[in-house]
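1. sequence and predicted structure, then a few things I'm wondering about:
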Amino acid sequence: MTQTEPAFGGLIQTWRRQRRRSQLALALEAGISQRHLSFLESGRSRPSRDMVLLLAEHLSVPLRERNVLLTAAGFAPAYRERGFDHPDLAAAREAVEAIVQAHDPHPALGVDRHWNLVVANRAVSVLLRDVDPALLAPPVNVLKLSLDPRGLGSRIANFGAWRAHVLARLAQQVDASGDAGLSRLHDEIRALPLPPRASPRREETGPAIAVPFRLEVPGGTLDFISTTTVFGTAVDVTLAELTIETFFPANRETAAAMRALVAD
């Protein structure tokens, strides 16, 4: 049996519905007629390469999936996917390393589209000293590592809130990207066993500016708030899918504790 490539019309219709846009709304945004868009979706008209990229841009389709749309329409992919260690990504790699290493003594790491670890600083290694070595075998999935009882799950003081945050963020990414791998990861994380005495529900908290990451360590609890950095102008698939997560101390006690931990 031979496999056939998915039809462009069906793919673009799926993305349009996923973005909750009507044909009329998308047509107006793209500067084309609703009739023409309807013909493209039904297969009665064949899109030009520029039309494929125009519609993908207005639907905020990820670069990897834009290549799929181009291939389905009969065109060559427009966006290259190089390994993170490729010479062409040297400048970006240096930028990522600079951000991550400069964040010491606080945790910072870079992950790929499926939340597999790409780079981490010394502070991350310090906090992972007591986790099950099996979870540190490449590829290291940082979300599984954080919620698995054999990883950091048993030491997260606000486990329910953090788990809810992780699952909600993953669900948003699945909706935005349509990535089957992320969908499977979401299901795998939901199925992870709960640490002893942990609740899967979000705990009630007082006034806060963000969901904290509260990690128990010998001598106390570390409180962090996190930020996310991405390359806003990437035209390489690997670079576009790279995310840098940086954790900042939420109080002076955590800042002092991290300085001491990293210095050991």
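-> Looks like it came in fine.

2. so Ser226 sits right up against Arg214, yeah?
-> No - if you go by CB atoms under 8 Å, Ser226 and Arg214 don't touch, sitting 11.8 Å apart. Placement of C-beta: from N, CA and C, glycine included.

3. more neighbours, those two?
-> Arg214 (19 against 16; other CB atoms under 10 Å).

4. identify the residues contacting Val166.
-> The contact partners of Val166, by CB atoms under 8 Å, 6 or more residues apart in numbering, come to Leu143, Ser146, Leu147, Ile189.

5. which SS class is the residue lying closest to Ala257 once chain neighbours are set aside?
-> Leaving aside its chain neighbours, Ala257 sits nearest to Leu222 (6.0 Å; criterion: CB to CB, 6 or more residues apart in numbering). Look at Leu222: counting by DSSP: H, G, I helix; E, B strand; the rest coil, its state is strand.

6. all helices for this protein, in order.
-> Using DSSP state H, the helices found in the chain span residues 8-18, 23-30, 34-42, 49-58, 63-72, 90-102, 122-127, 142-147, 159-177, 180-190, 237-240, 252-263.

7. right, and those - which one's nearest Ala78?
-> helix 63-72 (5.9 Å; CB to CB).

8. averaged pLDDT, the closest one. What do you get?
-> Across helix 63-72, pLDDT averages out at 96.

9. that helix to helix 49-58, inter-axis angle?
-> Angle between the axes of helix 63-72 and helix 49-58 is 150 degrees (criterion: axes from the mean of the first three to the mean of the last three CA atoms, to 10 degrees).

10. helices or strands next to helix 63-72 in the packing?
-> Secondary-structure packing of helix 63-72 (3 or more CB pairs under 8 Å, 6 or more residues apart in numbering; DSSP states H and E): helix 8-18, helix 49-58, helix 237-240.
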